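Colleague: any chance you could fold what I've pasted below:
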Amino acid sequence: MRLTVHLPEDLARLLREAAAHEGKSLSALTAEALAFYLRERRRAALGRKVLERAGKVPLGEEAFLLLEEGRRDRP
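Modeller: Residues are numbered from 1 along each chain as shown. Just a heads-up that it's a prediction; the model follows:
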């Protein structure tokens, strides 16, 4: 999928430098960074959900399933 984004010049420079340093294309590094960001946001949200539920009731099997779901490496 093609997507156009506008980055501040300083961020674009850092992205170009990191891509060159890692031997990756701008597209590949951007996709990798975005996948990491989305995965971490999802994990954090699931963690908050588990903590909210833990404060209301004793932890049950569902809490452990939510934690395991958050550990998976897919956004």
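
Colleague: what residues does the one helix or strand L66 maps to touch?
Modeller: With elements delineated by DSSP states H and E, L66 resides in helix 61-71, which encompasses its position. Residues external to helix 61-71 that are found in contact with it (Cβ atoms under 8 Å, 6 or more residues apart in numbering): R42, R43, L46, G47, K49, V50, R53, A54. Where C-beta positions appear, they are placed from N, C-alpha and C, glycine not excepted.

Colleague: list the residues that contact the third one.
Modeller: Taking Cβ under 8 Å, 6+ apart, we find L46 in contact with L66, L67, E69, G70.

Colleague: tell me the mean pLDDT over the helix holding L66?
Modeller: Per-residue pLDDT values over helix 61-71 give a mean of 72.

Colleague: for the residue lying closest to R16 once chain neighbours are set aside, what are its contacts?
Modeller: Distances taken as Cβ to Cβ, 6 or more residues apart in numbering put L26 closest to R16, at 6.6 Å, once the chain neighbours are dropped. Under the criterion of Cβ under 8 Å, 6+ apart, the contact partners of L26 comprise L15, R16, A19.

Colleague: for this structure, which segments are assigned as helices?
Modeller: With DSSP state H, the ranges of helices along the chain come out as 9-22, 26-56, 61-71.

Colleague: buried residues in the longest one?
Modeller: If you call a residue buried by 16 or more other Cβ atoms under 10 Å, then helix 26-56 has these buried ones: L29, T30, R43, L46, V50.

Colleague: same thing with the first one?
Modeller: Of all the residues in helix 9-22, those buried under the rule 16+ other Cβ under 10 Å are A19.

Colleague: ok, the contacts of L26 vs Y37, which is closest?
Modeller: L15 (13.3 Å; Cβ to Cβ).
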